[in-house]
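[1] Sequence below, structure please.
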Amino acid sequence: MTDQIQTHLANLEHEEHIKVLLAVESGSRAWGFASPDSDWDVRFIYVRPPLHYLNIEPQRDTLDRMLPNDIDLAGWDLTKALFLFRKSNPSLYEWLSSPIIYCQDDLFVQELKSLVPAYQSLSAGMYHYRSMAKTNYHKFLTGETVNYKKYLYCLRPILACQYIEKNQVWPPMLFSELVLDANLPQPINQAITELLAIKTSSNEFQSGSVNPTLQTYVTGELDRLMSLTIDQHQNQDDQPLLNLLRFTADRLK
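    Here you go, the predicted structure:
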């Protein structure tokens, strides 16, 4: 599948006259709990020739393709990516730490990662993951029957919040690392192990009864996390990001 995805990315570069700077897997495959029928969620950053950025008209800053074999390509123009990087967008920071990389421009990735300490906001991360957990809980886990994967989609952001709270650094992508760091009580660990076994061996729509152990844990942690705050100001200095945009667009023209 990697070869197919890389071929699709190369074709997209040719069709759109772009250069893909980073392409990674996102979602359940990158988190480590994909189902046999999970989509391939390919996310990428791209740059266009320098003249594209010298235009007074608004320019499209996203590209997406739904392709055969459940390959979902979605990418951001470098301007959009850097704007969201400055705002400490958690999705973008996850792309930078994905364990599955399809292609990358080494110099660009090195330069962007070097700016992470200056722009990454733990408070933005906490807010994002806490909101994700709350939304997934109220949307998917309040009925008598639940989709099993939605427990994982609620547990992962909860554990990410705990990781930020405990370590004061950005959480890792892999769900297994979050579980290990959390040092959970044995009943919770056992419930998660059983849930992962179901998720990774059945289809995306596998459903069943509410798990009382996980339900109690999720609701309790959501209540606790909603009152938790981390004070951290975000860096608003555009110049390093502008320099990276101009240097990258000119280097790859």
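[2] quick one: the strands in the stretch 151-253 of the chain?
    207-209 (DSSP state E, counting those that start in this stretch).
[3] With the stretch 1-150 of the chain instead?
    Using DSSP E, counting those that start in this stretch, strands in the stretch 1-150 of the chain cover 19-26, 40-47, 62-67, 71-77, 101-104, 145-147.
[4] The fifth one pairs with which strands, and in what direction?
    Yep, that's strand 101-104 we're talking about. strand 19-26 (antiparallel) (DSSP bridges).
[5] Would you check how far apart the nearest residue to residue 113 once chain neighbours are set aside and residue 167 are?
    Using Cβ to Cβ, 6 or more residues apart in numbering and skipping the chain neighbours, the partner closest in space to residue 113 is residue 96 (6.2 Å). Bear in mind the C-beta positions are built from the backbone N, C-alpha and C, glycine included. Here the criterion is Cβ to Cβ, to the nearest Å. By it, residue 96 lies 18 Å from residue 167.
[6] Which one's more surrounded, the two?
    The neighbour comparison of residue 96 against residue 167 (other Cβ atoms under 10 Å) goes to residue 96, with 18 against 12.
[7] Hmm, the more buried one is touching residue 109, no?
    Yes. The pair residue 96 and residue 109 passes the contact test of Cβ atoms under 8 Å, sitting 7.5 Å apart.
[8] Run a quick neighbour tally on residue 176.
    13.
[9] and it, what does it touch?
    residue 32 (Cβ atoms under 8 Å, 6 or more residues apart in numbering).
[10] Direction included, what does the lowest-mean-pLDDT helix or strand in the chain pair up with?
    Taking mean pLDDT, DSSP states H and E as the measure, strand 207-209 is the helix or strand of the chain with the lowest mean score, a mean of 78. Partners of strand 207-209 in the sheet, by DSSP bridges, are strand 145-147 (antiparallel).
[11] Tell me the buried residues in the partner strand?
    Using 16 or more other Cβ atoms under 10 Å as the test for burial, strand 145-147 gives 146, 147.
[12] Quick one: mean pLDDT for that strand?
    On average, the pLDDT along strand 145-147 is 83.
[13] Relative to the whole chain's centre, how far out is that strand?
    Centre-to-centre, strand 145-147 and its host chain are 24 Å apart (Cα atoms, centre = their mean, to the nearest Å).
[14] for stretch 229-248, same thing?
    19 Å.
[15] contacts for it?
    Contacts of stretch 229-248 (Cβ under 8 Å, 6+ apart): 21, 47, 50, 53, 78-79, 82, 85-88, 105, 108, 111-112, 115, 118-119, 121-124, 126, 164-165.
[16] ok, now stretch 68-78?
    Against stretch 68-78 from outside (Cβ under 8 Å, 6+ apart): 1, 4-5, 8-9, 12, 20-21, 23, 37-48, 59-67, 84, 92, 245, 248-249.
[17] List buried residues within those.
    Buried, going by 16+ other Cβ under 10 Å: 5, 8-9, 12, 20-21, 23, 38-48, 63, 92, 245, 248-249, out of the contacts of stretch 68-78.
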